[in-house]
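K.L.:
how would this look folded up:
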Amino acid sequence: MLIFNRFFDIGDKMEKKNNPEQWVYLNNKIAKKSELYGISGWAIFLLIAITVPVILNVTVLMELISSINAIGESTEEFFKENPEYGLLYLVLSIQTLIFTVLSLTLIYLLVTHKESFQRFFIAILVIELTLDVILSIWMANVMNINYSDILKDIESFILYLNGVICLFYVVKSKRINLTTKKRIREKYLDVHILENGNNTEKMYD
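P.N.:
Down below sits the predicted model:
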């Protein structure tokens with residue numbers, strides 16, 4: 001966990017002990033006075049980037065369930081004759097449902113300015129990318145698809161690129177750090193906090 005926090009630069013206790021000058025931690029009252037506090041600006045696009053995949057996943061899953069139900073007995077017969085297809089469909093469906101719930105939780109953490117938002121976001125992204133790679137390999141084996149065909153799927157790479165961009169924003173954004181963790185880099189303190197006339201003696205927790 002220490003390595004995880006240090007790599008993504010999201011720890012609290014570690015930073016206060018080992019890097020006291022890197023972050024300035026504010027109390028909630030002072031943080032809320034800054035123009036950086038709250039979900040606005042680029043943070044709105046982050047919220048959209050989290051919400052849209054949820055809607056798409058639910059839509060695709062519902063359409064898939066509807067099509068399978070429409071086919072009916074022939075589909076059940078096919079799954080019996082090809083159990084790997086049935087298992088793959090089940091796992092993909094469970095994955096979609098789980099990550100839909102996790103994404104909704106992520107939206108809640110962001111909107112309510114919870115301190116755990118950054119860790120939760122990073123954990124979900126890492127797990128999702130790892131599972132996508134594993135399931136893509138499994139799908140290629142089950143459906144006899146060449147790996148090169150999967151690599152040519154531009155839409156998948158766009159989604160992964162979007163995830164990486166969001167990751168850097170979540171970790172480095174002044175707004176996200178101030179809103180969720182009530183902290184700001186010392187070099188930005190004069191511009192975004194002290195110029196509002198706040199009393200520095202009462203800034204820290």
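K.L.:
Now the element after the worst-scoring helix or strand of the chain on mean pLDDT, going C-ward?
P.N.:
Least confident helix or strand, the chain: helix 13-18 with a mean of 45, by mean pLDDT, DSSP states H and E. The first helix or strand that comes after helix 13-18 along the chain, using DSSP states H and E, is strand 23-25.
K.L.:
moving C-terminal of that following strand, what's the next helix or strand?
P.N.:
Beyond strand 23-25 toward the C-terminal end (DSSP H and E), the next one is helix 28-33.
K.L.:
residue nearest the centroid of this protein?
P.N.:
Residue closest to the mean C-alpha point of the chain, counted by C-alpha atoms, centre = their mean, is Phe121 at 3.6 Å.
K.L.:
where along the protein do the strands fall?
P.N.:
Counting by DSSP state E, one finds strands in the chain at the ranges 23-25, 183-185.
K.L.:
Make TSV from the ones you listed and add distance to Leu64 and mean neighbour count to it.
P.N.:
For every residue, glycine as well, the C-beta is placed using N, CA and C. Converted to TSV, the strands of the chain look like this (distance: least, C-beta to C-beta, whole Å; neighbours: other C-beta atoms under 10 Å):
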stretch	distance to Leu64	mean neighbour count
strand 23-25	46	17
strand 183-185	43	19
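K.L.:
closest one to Leu102 among those strands?
P.N.:
Nearest to Leu102 among these is strand 183-185; the distance by C-beta to C-beta comes to 24.9 Å.
K.L.:
Ser34: which of the strands of the chain is closest?
P.N.:
It's strand 183-185; of these, that one is closest to Ser34 (C-beta to C-beta) at 7.7 Å.
K.L.:
what ranges do the helices span in the chain?
P.N.:
All helices of the chain, identified by DSSP state H, fall at 2-8, 13-18, 28-33, 42-71, 73-81, 83-111, 117-142, 147-151, 154-172, 174-181, 189-192.
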